[in-house]
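next comes the sequence, and after it the predicted model I'd like to discuss.
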Amino acid sequence: MTATYVYDAVRTPFGRAGGALAGVRPDDLAAVVMRAIVERTGCEAARIDDVIFGDANQAGEDNRNIARMGALLAGFPTSVTGVTVNRLCASSVEAVIQGSRAIETGDAQLVLTGGVESMSRAPFIVEKSARPWPATGNQTMWNTSIGWRMVNPALPAHWTISNGESAEKVARDGGITREQQDAFALRSHRLAADAWAQGVYDGEIVQVPGAELARDEGIRDDTSIQKLAGLRALFAPDGNGSVTAGNSSPINDGASAVLLGAEGALDAEPLARIAGRGVHGVDPDVFPLAPIEAANKALARAGRTWADVDLVELNEAFASQALADIAGWPDLDPEKVNIHGGALAIGHPLGASGGRIVGHAAHELARRGTGVAVAAICIGVGQGLAVVLER
């Protein structure tokens, strides 16, 4: 079976909700990274067999197959097809996995994958009556930026709690303290700030035309344990919880792209090879725990163990989630996780985050010249996804 290689990976800086990228449509954000990655690699766009992009919302300007729209806006020939996939927070990891399968089965030689999300521009939606002309003009309006909406009452109520409440439950059940979560969040901000200062991300970032955003907008250089400790708990009814805005990922805008190809598909040295993939499901109210077994499965399929792993890119939806996942991998050195910061600082634009962690893992392996990396991510409603990369 043909192997799949990561030839390049790029992303925009991630903007905060209402921040520097809030005025940019999501299909335009997608076009920015699509255009940039073909220019960087010298890949002729017409050679791309398919564009697979992740997007979690698809309720606004991203509603009309944003993979195809982004490719058209990027100036690709109309012969280049596109499909949009949705596995919520892991949508762009799903895109990478589907692209790698197409290459490995011989259906494609080059697949452009990635994802995008503008949580700032996610619209309000109004539930439509079953009647064509409802008697009343009063309808429920829903904010589509994040979380559950229009929940099916047939689901058990404890499965439909918010993601923040799930993070609180995992913290409580796992004995993860507020102090541990705040310390992990501080680590994320400091590592991300240091990585930017040292130029670690320079080779992965493409700027968005017209937007004044040189680096990830959510990184707080001046945060401290004292400041984090002063924030109130958000998801415990009695106010005695431990999950706060400071130890949760923010709401963000951004896009990422990962160019996949078969060996020799481009006249360039690949960054890394995709060696294993894994998906796992758990009860929806403990969704933060799903990456544990997803990563274990991916490693097993790659013929690797945690002793072989040199670095882990774990999406930090919540500090409690990241700490619980790390605890679930007892053979892993925690210092190998998110060595250049994570989503608590960098941000989590849902559809784009998976491309960020896969792409950064590939770039870091290329910098080292050798190694094994795991990219893992949790998904609302009880799923986890992971990819193993080797160089």
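The structure has been received and is ready for your questions.

where's Arg277, which helix or strand?
In the assignment (DSSP states H and E), Arg277 maps to strand 272-281.

okay, buried residues for that strand please.
Neighbour-count burial for strand 272-281, with 16 or more other Cβ atoms under 10 Å as criterion, is recorded at Ala272, Arg273, Ile274, Ala275, Gly276, Arg277, Gly278, Val279, His280. For glycine as for every other residue, the C-beta is placed from the backbone atoms N, C-alpha and C.

got it, and stretch 155-165?
Trp159, Asn163, Gly164, Glu165.

how about the strands in the stretch 201-350 of the chain?
Per DSSP state E, counting those that start in this stretch, the stretch 201-350 of the chain carries strands over the ranges 252-261, 272-281, 311-314.

in its sheet, what does the first one sit against?
As defined by DSSP bridges, the strand partners of strand 252-261 come to strand 4-11 (antiparallel), strand 15-16 (antiparallel), strand 110-118 (antiparallel).

state the mean pLDDT of it.
The average pLDDT within strand 252-261 is 98.

quick check: angle from it to strand 272-281?
Interaxial angle, strand 252-261 versus strand 272-281 (axes from the mean of the first three to the mean of the last three Cα atoms, to 10 degrees): 120 degrees.

picking that back up, how about the strands paired with strand 252-261 in CSV, adding mean neighbour count?
Formatted as CSV, the strands paired with strand 252-261 follow (neighbours: other Cβ atoms under 10 Å):
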stretch, mean neighbour count
strand 4-11, 27
strand 15-16, 24
strand 110-118, 32
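
reformat the ones you listed as TSV; add mean pLDDT.
What follows is the strands paired with strand 252-261, written out as TSV (pLDDT from 0 to 100):
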stretch	mean pLDDT
strand 4-11	98
strand 15-16	98
strand 110-118	98
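
for stretch 376-390, how far is the first residue from the last?
By Cα to Cα, to the nearest Å, the extent of stretch 376-390 from end to end equals 15 Å.

and it, what's buried?
So for stretch 376-390, counting by 16+ other Cβ under 10 Å, buried means 376-390.

swap in stretch 226-246?
Buried residues in stretch 226-246, counting neighbours by 16+ other Cβ under 10 Å, are found at Leu228, Leu231, Ala233, Leu234, Phe235, Ala236, Gly241, Ser242, Val243, Thr244, Gly246.

quick revisit: just the ones of the buried residues of stretch 155-165 in helices?
Among the buried residues of stretch 155-165, the members found in helices (DSSP state H) are Asn163, Gly164, Glu165.

flag the shaky bits of this protein, pLDDT-wise.
For the chain, the stretches with pLDDT under 70 are 133-137.

again, 90 this time
Applying pLDDT under 90 to the chain picks out residues 1-2, 125-142, 146-150, 236-240.

and the helix or strand Lys169 falls within, what does it pack onto?
Secondary structure assignment for Lys169, by DSSP H and E: helix 163-174. Under the contact criterion of 3 or more Cβ pairs under 8 Å, 6 or more residues apart in numbering; DSSP states H and E, helix 163-174 touches helix 319-327.

now the helix it packs on and helix 163-174, what's the angle there?
Between the axes of helix 319-327 and helix 163-174, defined by the same axes, to 10 degrees, the angle is 50 degrees.

got the buried residues for helix 319-327?
So, applying 16+ other Cβ under 10 Å, buried residues of helix 319-327: Ala319, Ser320, Gln321, Ala322, Leu323, Ala324, Asp325, Ile326.

could you measure from Arg172 over to Gly281?
With distances taken as Cβ to Cβ, to the nearest Å, Arg172 is found 22 Å from Gly281.

should've said Ala255
Taking Cβ to Cβ as the measure, Ala255 and Gly281 are separated by 27 Å.

now name the helix or strand holding Met69.
Per DSSP H and E: helix 66-73 holds Met69.

hmm, I was thinking of Asn57
Counting by DSSP H and E, Asn57 is part of no helix or strand.

for it, which non-adjacent residue is closest in space?
Leaving aside its chain neighbours, Asn57 sits nearest to Ala122 (5.1 Å; criterion: Cβ to Cβ, 6 or more residues apart in numbering).

what do you get for Leu213?
Ala20 (3.8 Å).

can you mark which positions in whatever helix or strand comes next after the helix holding Lys169 are buried?
Next helix or strand after helix 163-174 toward the C-terminus (DSSP H and E): helix 178-197. Of the residues in helix 178-197, 178, 180-193, 195-196 count as buried by neighbour count, 16+ other Cβ under 10 Å.

and what of stretch 14-34?
Buried residues in stretch 14-34, counting neighbours by 16+ other Cβ under 10 Å, are found at 14-17, 19-21, 23-34.

among the residues you listed, which lie within strands?
Counting by DSSP state E, the buried residues of stretch 14-34 place Gly15, Arg16 in strands.

Ala102 is in what secondary structure piece?
Element membership for Ala102, per DSSP H and E: helix 91-104.

what's that helix packed up against?
Using 3+ Cβ pairs under 8 Å, 6+ apart, the elements in contact with helix 91-104 are strand 4-11, strand 50-54, strand 82-85, strand 110-118, strand 252-261, strand 272-281, helix 350-368, strand 383-390.

distance between it and the chain's centre?
14 Å (Cα atoms, centre = their mean, to the nearest Å).

what of stretch 265-273?
Put simply, stretch 265-273 sits 23 Å off its chain's centre (Cα atoms, centre = their mean).
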